[in-house]
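> A predicted structure for the sequence below; I have some questions about it.
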Amino acid sequence: MKVQLLGLNFDELQNWLVEDLKQKPFRAKQLFTWLHFRRVSSFEEMTDLSLKFRNILKSEAEITVPEQTERVESDEGTVKYLLKLPGGPAESVMIPDPPRFTACLSTQYGCRMGCKFCMTGSAGFHGNMSAAEIVAQLYTMAGHSPARISNVVFMGMGEPMDNWDAVGSALEIISDDRGICIGQRKITVSTVGIPGGIRKLVDMEKQYGLAVSLHSAVRETREEIIPAARAMSLEQLKHDILEYTGTTGRRVTLEYCLIRGVNDSIEEAHELAEYAKDIPCKINLLVYNPVPGLDWKRPSEEVLKRFTEYLYPRSSAVTLRRSRGGKVAGACGQLGASVLLEKEKGPGCQ
Ligand code: SF4
């Protein structure tokens with residue numbers, strides 16, 4: 001099997017070149033620059049490498065280039081890419097909000113967390129993406145973006161911390177200043193909270209952002225929305241979040257997707273305020289995007305107003321996001337609609 005070059009961080013690339021191909025260490029910088037700074041998709045384009053070396057690379061390694069099967073743009077400018085990756089179909093989303101251009105990446109084919117509001121969750125799990133497949137999504141979008149991609153969020157198909165080896169490598173690659181160089185603080189990893197997951201991010205000792213899909217601070221409600229939450233108590237989740245905020249000195253984002261009749265009551269708002277009061281955080285309220293085939297609905301404007309007015313004075317930082325991308329089914333919880341569900345008749349982390 002050929003080595004997927006896009007998935008090797010700098011040290012891994014250097015080791016492979018030196019140990020396996022018996023090349024000089026300086027080759028790593030050359031090759032890394034071609035792959036991740038110039039972002040070429042073939043060995044032929046690496047013109048300052050000798051033909052002999054290029055031929056060795058060609059026989060031993062591959063550059064993952066997704067096939068773009070569709071590109072759907074909303075009126076607001078959000079663009080959803082349907083990509084065919086080596087492991088299967090995937091979706092990635094570009095959210096332009098000048099000067100910020102954010103790429104939303106998928107990490108798995110489907111997801112095993114089973115969140116009830118989520119199209120990816122309802123489509124089941126079909127495998128992990130490799131680091132190369134994750135990085136390749138970003139480079140495909142960078143090739144189409146009218147401006148430099150400034151931010152990356154891991155909020156597409158899949159639970160990033162359920163595929164940590166690949167996600168950890170992808171984080172190192174895309175934040176490497178010899179490559180595309182997205183600043184650590186401009187990259188956010190989203191999680192519903194799985195045992196040991198946040199700990200892995202903490203152990204990296206970097207400045208990557210963390211977003212936790214909370215959706216309710218009431219155990220029963222949370223477990224109804226996120227069946228995988230049964231594996232981790234709200235207390236343990238808070239403990240791990242505080243470890244992250246304490247170690248990085250950064251605030252965490254608590255994502256809360258408001259769903260009609262499920263988590264939009266004043267009691268839920270109260271529990272959320274209580275849960276968040278001793279966490280350095282910002283609360284990001286999202287309004288649920290209806291997903292075809294799922295019963296959940298968005299709250300009425302009146303309920304939304306009541307919930308936010310209760311929360312605002314009780315929490316230091318609250319934002320309400322009317323999720324962009326809804327019109328192209330590229331908003332959270334809607335990814336995967338057109339690929340995985342079509343496959344079986346399944347991306348998206350809220
Ligand atoms: S919301 Fe995220 S974690 Fe939950 S099922 Fe969907 S993709 Fe998985």
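That came through fine.

> mind listing the strands for the stretch 201-350 of the chain?
Secondary structure of the stretch 201-350 of the chain, counting by DSSP state E, counting those that start in this stretch: strands at 209-213, 252-258, 281-287, 318-321.

> skipping adjacent residues, who's closest to Gln207 in space?
Residue nearest to Gln207 in three dimensions, not counting chain neighbours: Gln184, with 4.0 Å by CB to CB, 6 or more residues apart in numbering. All C-beta atoms are positioned from the backbone trio N, CA, C, and that covers glycine.

> wait, does the strand ranked longest in the chain contact the ligand?
Ranked by residue count under DSSP state E, the longest strand found in the chain is strand 88-97. No. If you take CB under 6 Å from any ligand atom as the test, strand 88-97 misses the ligand, and the best it gets is 11.1 Å.

> what comes into contact with the helix or strand just after that strand?
With elements assigned by DSSP states H and E, the helix or strand that comes after strand 88-97 is strand 100-104. Strand 100-104 is contacted from outside by 92-96, 137-138, 141-142, 145-156, 330, 335, using CB atoms under 8 Å, 6 or more residues apart in numbering.

> mind giving me the PyMOL select for the residues you listed, buried ones only?
To isolate the buried members of the contacts of strand 100-104 in PyMOL, using 16 or more other CB atoms under 10 Å:
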select buried, resi 92+93+94+95+96+137+138+141+142+145+149+150+151+152+153+154+155+156+330+335
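
> ok, Glu62 - contacts?
For Glu62, the contact set (CB under 8 Å, 6+ apart) comprises 2-5.

> so which of these comes closest to the ligand?
Nearest to the ligand out of the contacts of Glu62 is Gln4 (CB to the nearest ligand atom; 23.3 Å).

> any idea how far that closest one is from Ser145?
23 Å (CB to CB, to the nearest Å).

> circling back to that earlier point, so how far is the longest strand of the chain from its chain's centroid?
In terms of CA atoms, centre = their mean, to the nearest Å, the centre of strand 88-97 is set 10 Å apart from its chain centre.

> please apply the same query to stretch 187-196.
Counting by CA atoms, centre = their mean, stretch 187-196 is centred 9 Å from the centre of its parent chain.

> for it, buried residues please.
Within stretch 187-196, the residues that count as buried by 16+ other CB under 10 Å are 187-194.

> with stretch 223-237 instead?
Neighbour-count burial for stretch 223-237 flags 225-229, 232, 234, 237 (criterion: 16+ other CB under 10 Å).

> one step back: any idea how far the residue nearest to Gln207 is from Thr308?
From Gln184 to Thr308 the distance is 31 Å (CB to CB).
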